[in-house]
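[1] structural data only, the sequence is not supplied:
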C-alpha cells in the first residue's frame, strides 16, 4: 500500500482520477487504484468538496460512488458553450412522482400510486428514460415489485451534491394497506 503520500498529493491524485473517470467511481475503486486506505480517500474527497464550493466544479456523491460535475449555477453558460437546447421541463406529475421517490426511496410503484392516487406507469417510464430515477432492487414480497430510487442524473438536474442536501421535509409515517393500493397513516385503524 502507498503510505508515503502527503494529503495534498493524495488529494491531487483523487482529483485527477475523478476528472478522467467517464462515470461515477466507488471509493474502494479509487483506493485500490491509488493503493491506499478507503478512509484516506474519504479525507481527500472531503477536502476537495470544501475547495470546490468556490469553484466551477462540484464533487457529487451518492452512497459510495463519487464523480466530478459542473457547478449547477453554470448551466446557462455551459448550454450556450455546447450549443445545447434548454433542458426539457418536467410536468407537474413528473415532479410530484420524483419528490415521492426522492423522499421515500426506496419505493415501489404501488406505493407511489397509493400516495399520488393515480396510475404512475407513464410518469415512471418518463423519469426512467430521463435517467432521473433508477431501479435499485426488488422487494422481497409476493411479486417482487421493483424498488425505485434517485440517480446521479437526479442530483445533477437539481444541483445537489448528495441526496442528503434535499430540503428537510416533515413527512407523515405511512404503511401500505394490505387490502389494496391505499396508504393509511400509522396509528389509524381501518373503519
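    Arrived safely. Just so we're clear, the structure is a prediction, and the values are computed from it rather than from any experiment. Residues are numbered from 1 along each chain as shown.
[2] which positions in stretch 142-153 come out as buried?
    By neighbour count on 16 or more other C-beta atoms under 10 Å, the buried set for stretch 142-153 is 146, 147, 148, 149, 150, 151, 152. All C-beta spots, glycine's among them, are computed from the backbone N, C-alpha and C.
[3] now do stretch 10-28
    Here stretch 10-28 shows 10, 11, 13, 14, 15, 17, 18, 24, 25, 27 as buried, counting by 16+ other C-beta under 10 Å.
[4] closest one of these to residue 163?
    residue 24 (13.4 Å; C-beta to C-beta).
[5] residues in contact with stretch 149-158?
    24, 60, 62, 65, 67, 69, 72, 87, 98, 101-102, 105-107, 130-134, 136, 160-163 (C-beta atoms under 8 Å, 6 or more residues apart in numbering).
[6] try stretch 45-54
    With C-beta under 8 Å, 6+ apart, stretch 45-54 has contacts from 7, 11, 14, 15, 27, 58, 59, 61, 66, 71, 161.
[7] mind listing residues that contact stretch 70-89?
    The contact list for stretch 70-89, computed with C-beta under 8 Å, 6+ apart, reads 52, 55, 56, 57, 58, 130, 156, 157, 158, 159.
[8] how about low-confidence regions in this protein?
    Low-confidence segments of the chain (pLDDT under 70): 1-3, 84-88, 171-191.
[9] the strands in it, which residues?
    25-26, 57-62, 65-70, 107-108, 133-138, 146-150, 174-176, 183-185 (DSSP state E).
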